[in-house]
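Visitor: no sequence on this one, just coordinates:
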């Protein structure tokens, strides 16, 4: 258990990652004193995969609203995780990515992608999915990069090595010091420390997220390892003092 000083004079930047940001975005004025950086995940999957995530067309509307408030430099799109099933094949991904990119072209300049890793708990919860073969990754990388370029969006890859760099994708990291500095308009002096995952170039001052707390029930999730966790979460007391109330 940790306690943090959230004074705007102490916090250089608040970073948010969300698939369902509408409630917070509707109260965004409360965060006006903070520098902000957002990642919003918008996938075209249906309820068979992302059980409690709003329809992606609704999330797109929230994305646009937030971008108009904080600026496109402070808001990035995530299209992940990418997997292959009989229903969600290569053609599906390319078509839906193109549709979404056209919607977001004036509201962001980055899109981060990465491919599914079939951990044991993911295989158990999502047996229909399979990993994306190298040849398929190349097809996706080339098509996504070409589509994104048409809309002035840079593709960034997350923990995928440099395989897709040949198509103009950027593998330098999706939440790097350079990206954050550009978003907030200030240079940062980052203290040395083990704040990041192995092979990840992103920076985190302090991550205040927690495993087993998300209610989305996405089939590909590696953070919530079992369906029963969802039902445990329903008993959480949201007024508990440790949650800041």
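Guide: Ah, there it is. Values in this document were obtained by computation on a predicted structure and should not be read as measured data.
Visitor: pull the longest helix from this structure.
Guide: helix 134-150 (DSSP state H).
Visitor: so what's residue 175 closest to, chain neighbours aside?
Guide: For residue 175, ignoring the flanking residues on the chain, the nearest one in space by Cβ to Cβ, 6 or more residues apart in numbering is residue 202 at 3.9 Å. Every residue, glycine included, has its C-beta placed from N, CA and C.
Visitor: so the one you found touches residue 174, yeah?
Guide: Yes. If you go by Cβ atoms under 8 Å, residue 202 and residue 174 touch, sitting 6.1 Å apart.
Visitor: of those two, who's got more company?
Guide: residue 174 (23 against 19; other Cβ atoms under 10 Å).
Visitor: tell me who's in contact with that one.
Guide: Counting by Cβ atoms under 8 Å, 6 or more residues apart in numbering, residue 174 touches 39, 76, 78, 110, 112, 156, 158, 202.
Visitor: please confirm that the first one is located within a helix.
Guide: To tie it back to what came earlier, the one meant is residue 39. No. Counting by DSSP: H, G, I helix; E, B strand; the rest coil, residue 39 is located in no helix; its state is strand.
Visitor: what bridges to it?
Guide: residue 17, residue 76 (DSSP bridges).
Visitor: just the fifth one next, same as before
Guide: When bridges are called by DSSP bridges, residue 112 pairs up with residue 78, residue 156.
Visitor: what pLDDT does the model give it?
Guide: Reading off the confidence values, residue 112 has pLDDT 97.
Visitor: burial count for it?
Guide: Residue 112: 22 surrounding residues under other Cβ under 10 Å.
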